[in-house]
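A.B. asks: Please work out how this folds:
(2 chains)
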There are 2 protein chains.
Amino acid sequence: MNVRVIPYTDALIPKDVTGKTAVVIDVLRATSVMITALENGAQKIIPALTVEEALKKSKDLNRGTLLLCGERDAVRIDGFDLGNSPLEFRQDKVAGKTLIITTSNGTKALNACRDAEKVFIGAFLNAGAVAEKIKVEKEVVLVCSGTAGRFSLDDGLCAAMIIEELAKFVPVHPDDLGLALTKTWQSENGNPQKLLKDSFHLNYLLQKGFSGDVDYCLQKNSVSSVPVFSGGEVLS
Amino acid sequence: MNVRVIPYTDALIPKDVTGKTAVVIDVLRATSVMITALENGAQKIIPALTVEEALKKSKDLNRGTLLLCGERDAVRIDGFDLGNSPLEFRQDKVAGKTLIITTSNGTKALNACRDAEKVFIGAFLNAGAVAEKIKVEKEVVLVCSGTAGRFSLDDGLCAAMIIEELAKFVPVHPDDLGLALTKTWQSENGNPQKLLKDSFHLNYLLQKGFSGDVDYCLQKNSVSSVPVFSGGEVLS
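C.D. replies: Below is the predicted model of the structure:
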């Protein structure tokens, strides 16, 4: 299987994914949140690019079964029900609910993949399950969301972990970025905590007091489901 | 020193380098060619984005001291004096000459850096000299040219080698891509031949019969000069 890795959303041009199978990765924290919310019983997630779009979309929906969620600069948006911390998305909060989510990077990455044939949601939490889901494809594109228009190592290492998990099922031919990230991943035996200690976004979250989120998001294969993005919605 | 690594030219947006010090890297083969040509006595190099632009620029110059150089799909352009093989740019060919060069990726990368304050030309051949030249800066941007709109591992490893050489002089804080590439580089003790064996562009050149070029371009620190791109010209 040929595996291409996109370093960050701003570097993606639509034809990179048009008609293809893509996996969107935003480890810290949007895709980790989506996987967690659906695992905990949320009915569906509607990504929105902006706060305004989130509010507009919320008007058409039943407020009783709706949660407005999202962050800017890592912090919950004023007046929203939940932020972007996966630890907030507990079963007692989200079960049966429709979630509108707007985040700085992850929702942009999903939007950039709207012309892909299939879009799956990946993170360390479900990397093994993602590999099992896409192992039948001839070609996949792993889309690292990145942070503020730059490559973010947490997403890149997750892409490497998916490549490692894929290689358990099929011969994998990563592109040059996939090759580099695989070497990076293997250099510390697939230990994200060690590899990320000097990385930008992880340290930004630690400074903002989100160490619990970081620990949670760096867990590997704790979830066996793979959400799908289709028709503007993320579903389990 | 803060070091940012741009994965490939198409991912660069002008503000990434505006007013900054940039190093353009196209190991296979444009920047290796430029370094070699100037080392062998070429007077200057004028990069051109297209064949038409190269021909147009050549009309204003003295044909007797001029060489038209460049490739498309790795092969010399019809009617041009030289291709893009560094082994062609010998002293007896290039000494005292003005070279107009158009290549698929490297000349695009130079053009993308036209708003940088200073632009240096880097490759494995002169990575140590590049580090010595830029060690006084507070921030540098290492611009990997890439291949056909994608990250190319040869350029990324050269960025990692420049980071390694910089760290001999000053404390270096690479961005997340720089961190990943440094780990990749260290995983095989800075051996580009080993690290590049599955990479796309190197294997493309081998298939086209350019193994001599590849061996030449992967030599480390064989040249001590660092060309500068300024006013539309590359000079020693």
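A.B. asks: can you give me the helices for chain A?
C.D. replies: In chain A, the helices defined using DSSP state H lie at A:30-39, A:51-59, A:91-94, A:106-112, A:127-134, A:153-166, A:176-187, A:192-195, A:200-207, A:211-217.
A.B. asks: Make TSV out of the ones you listed and add mean neighbour count and mean pLDDT.
C.D. replies: Any C-beta I mention is one placed from the backbone N, CA and C, and that applies to glycine too. As requested, the helices of chain A are arranged in TSV below (neighbours: other CB atoms under 10 Å in any protein chain shown; pLDDT from 0 to 100):
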stretch	mean neighbour count	mean pLDDT
helix A:30-39	29	98
helix A:51-59	15	95
helix A:91-94	15	98
helix A:106-112	25	93
helix A:127-134	22	98
helix A:153-166	27	98
helix A:176-187	24	98
helix A:192-195	17	98
helix A:200-207	17	97
helix A:211-217	18	98
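A.B. asks: Save the ones you listed as JSON lines, and put in distance to chain B too.
C.D. replies: Converted to JSON lines, these look like this (distance: least, CB to the nearest CB, whole Å):
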{"stretch": "helix A:30-39", "distance to chain B": "17"}
{"stretch": "helix A:51-59", "distance to chain B": "24"}
{"stretch": "helix A:91-94", "distance to chain B": "31"}
{"stretch": "helix A:106-112", "distance to chain B": "13"}
{"stretch": "helix A:127-134", "distance to chain B": "17"}
{"stretch": "helix A:153-166", "distance to chain B": "4"}
{"stretch": "helix A:176-187", "distance to chain B": "4"}
{"stretch": "helix A:192-195", "distance to chain B": "7"}
{"stretch": "helix A:200-207", "distance to chain B": "6"}
{"stretch": "helix A:211-217", "distance to chain B": "15"}
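A.B. asks: Pipe those helices into a markdown table and attach distance to B:Ala54 per row.
C.D. replies: Converted to a markdown table, the helices of chain A look like this (distance: least, CB to CB, whole Å):
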| stretch | distance to B:Ala54 |
| --- | --- |
| helix A:30-39 | 46 |
| helix A:51-59 | 47 |
| helix A:91-94 | 60 |
| helix A:106-112 | 35 |
| helix A:127-134 | 44 |
| helix A:153-166 | 37 |
| helix A:176-187 | 28 |
| helix A:192-195 | 44 |
| helix A:200-207 | 40 |
| helix A:211-217 | 50 |
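A.B. asks: Ok, which of these comes nearest B:Glu188?
C.D. replies: Nearest to B:Glu188, of all the helices of chain A, is helix A:176-187, at 7.7 Å by CB to CB.
A.B. asks: Let me know which of the helices of chain A is the nearest to B:Pro47.
C.D. replies: In terms of CB to CB, the element of the helices of chain A nearest to B:Pro47 is helix A:176-187, at 23.7 Å.
A.B. asks: which residues does the residue nearest the centre of chain A contact?
C.D. replies: In chain A, the residue lying closest to the centroid (CA atoms, centre = their mean) is A:Thr31, at 2.6 Å. Going by CB atoms under 8 Å, 6 or more residues apart in numbering or on different chains, A:Thr31 touches A:Val24, A:Ile25, A:Gly106, A:Ile121, A:Gly122, A:Ala123, A:Ser145.
A.B. asks: can you pull the contacts of the closest residue to it other than its chain neighbours?
C.D. replies: The shortest distance from A:Thr31 to any non-neighbouring residue, by CB to CB, 6 or more residues apart in numbering or on different chains, is to A:Ala123 (4.5 Å). Counting by CB under 8 Å, 6+ apart, A:Ala123 touches A:Ile25, A:Asp26, A:Val27, A:Thr31, A:Ser32, A:Ile35, A:Cys158, A:Cys217.
A.B. asks: Enumerate every residue touching the fifth one.
C.D. replies: When you say that, I think you mean A:Ser32. A:Asp26, A:Pro86, A:Ala123, A:Phe124, A:Leu125, A:Tyr216, A:Cys217.
A.B. asks: out of the residues you listed, what pair is the most spread apart?
C.D. replies: Spanning the widest gap among these are A:Asp26 and A:Tyr216, at 14.2 Å by CB to CB.
A.B. asks: Put the buried members of the contacts of A:Thr31 into a ChimeraX selection.
C.D. replies: Paste this into ChimeraX to select the buried members of these, with burial taken from 16 or more other CB atoms under 10 Å in any protein chain shown:
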select /A:24,25,106,121,122,123,145
